[in-house]
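Novice: could you look at this predicted model? Sequence included:
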Amino acid sequence: MNEYKCFFNHIPGNLEQSTYRIFEPDSKAEILHWFSREEISNTEKDEFIKALINFDDGCGNFYRYRAYFLAAEALSYFSKSYLGDVIVNQLLNWSYVYFGWQIVPKPLQAAARDALKVTDKQRVIAAFTKLLHTTTSRVTLRHAATELGKLDTGNKTAIAALILLLDVSTDEHTQRRIIDSLANIGHGNENAVQALISFLTKTSNVSLCWNIMTALGAVASCNQQAIIALVERLKNNACHNDNHYFKTAITLWELNPHHLVAQNALVKILEATNDYHLISVIIDNLLKINFDFQPVIKILSHKLASESEDVRLNCAFYLAKLDVGNQTARQTLIEIITKTENSRFDNRAFRYLLQFYPNHKDTVAVLTATQKFPENKGFFHTVAKNIESNSTHKTTYNNTSYRYEAIYNLIYHCAKNMSYVDFCYAWQH
């Protein structure tokens, strides 16, 4: 008995004679293997588990948590432990603050969630399932169902819980989060698809309709009921605006790219829009299938007369790509190069001209005659500049909570990277 003490033997008040190999990274694999050995009794393994979860480090619980997480991972090798449910429930309490009113530091939350991924999976599934059947909190129900669905792909209990919540929720923010959760875990589930279709037919909220379309694109691939519902919306002009019409058409295309209604809807949008980005999205999607591009070529040719240089440039690019040698597209590119005051446009136009008409005499003439890039003598080299915009989201804390979190993060970092003995001396002295 007590073979585990070669890994962990805590003698309160006597650090020199104690053993703390449980905190040494090099020993972790050996410890986990110890739990898998059949010749070691379950009783002794449970004694080790019990010692780990009851460890009182005397240093603010930083090493107690590390010991606890090791015990949690050991359950994957020793799933028969009578302490398994206790450990998993504690991990849930630390991981998700909605299980109680306690304030759990963020590093502890993150570490506990990581531990849930490596502990006994069946116990975690059982704990989440039990919670779904016992909680009276809709917030808890939504979070638990989402996590259960991630952990156990296609879990019907989790999906059913989200469908129930979607049916009874009236808050737009909550509805959006439920829809997003169904998109993440409801792939191929007929009930999830039906719930989304039903909600789509009842809501007049344009923003939520957009979310539902995204969710259907994720979960309803080739689903005939979803396809029929979207076709009906397009045919009956049930869409709220042009953007919604496009989203409906592109979702239908995602479910079945060969559906004629989807293809015709995209062509209809292409003809009506003056949004250069939308033009790119539509044609890039149509290029993925065997499609008759003659109507598209005709539409693009008309759009070359647009007042927007962005639209003209995009249309010239796709026209040159779809209709090899198209002279109208070539002339448009040359016109943009010679007339535009925007260096971004003439850089792109030069690049397209070289890409699609490299040997044409007009291309050579433009490259040698233009004075916009005097360093080029018969050859053009485009330098593309990429500008990254980093959006920083700042949260305001009161001074006390901000300082506490900063100090906690610093100490937590030390606890992860120092030996227990060194940390304990620093803590106490």
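Specialist: Cool, got the structure. Numbering: from 1, shown residues only.

Novice: so residue 337 is in contact with residue 362, correct?
Specialist: No - using C-beta atoms under 8 Å, residue 337 is not in contact with residue 362, being 10.5 Å away. All C-beta spots, glycine's among them, are computed from the backbone N, C-alpha and C.

Novice: how close does residue 336 get to residue 352?
Specialist: As judged by C-beta to C-beta, to the nearest Å, residue 336 and residue 352 stand 9 Å apart.

Novice: quick one, which of residue 337 and residue 362 is more surrounded?
Specialist: Legend: neighbour count by other C-beta atoms under 10 Å for residue 337 and residue 362, higher for residue 337 (22 against 14).

Novice: so for the stretch of helix or strand the more buried one belongs to, mean pLDDT?
Specialist: Assigned by DSSP states H and E, residue 337 belongs to helix 327-339. In this model, helix 327-339 carries a mean pLDDT of 90.

Novice: mind listing what's buried along it?
Specialist: Of the residues in helix 327-339, 329, 330, 332, 333, 334, 336, 337 count as buried by neighbour count, 16 or more other C-beta atoms under 10 Å.

Novice: measure the second one to residue 225 for me?
Specialist: By that I understand residue 330. 48 Å.

Novice: for the first one, same thing?
Specialist: As for residue 329, its distance to residue 225 is 42 Å (criterion: C-beta to C-beta).

Novice: run through who's touching stretch 69-82.
Specialist: Applying C-beta atoms under 8 Å, 6 or more residues apart in numbering, the contact partners of stretch 69-82 are 22, 28, 31-33, 35-36, 42, 45-46, 48-49, 52-53, 83-84, 87-88, 91, 111-112, 114-116, 118-123.

Novice: likewise stretch 61-68?
Specialist: So stretch 61-68 is contacted by 8, 22-23, 52-53, 55-57, 87, 90, 108, 111, 115, 411-412, 415-416, 420, 423-424 (C-beta under 8 Å, 6+ apart).

Novice: in contact with residue 318, which residues?
Specialist: Applying C-beta under 8 Å, 6+ apart, the residues near residue 318 are 279, 280, 283, 296, 300.

Novice: cool, and residue 336?
Specialist: Taking C-beta under 8 Å, 6+ apart, one finds 309, 312, 313, 316, 345, 346, 349 in contact with residue 336.

Novice: let's have those in TSV, adding distance to residue 264, pLDDT and neighbour count.
Specialist: Listed next are the contacts of residue 336 as TSV, based on distance: C-beta to C-beta, whole Å; pLDDT from 0 to 100; neighbours: other C-beta atoms under 10 Å:
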residue	distance to residue 264	pLDDT	neighbour count
309	29	89	21
312	25	93	23
313	26	93	24
316	25	94	29
345	32	85	17
346	36	80	23
349	32	87	25
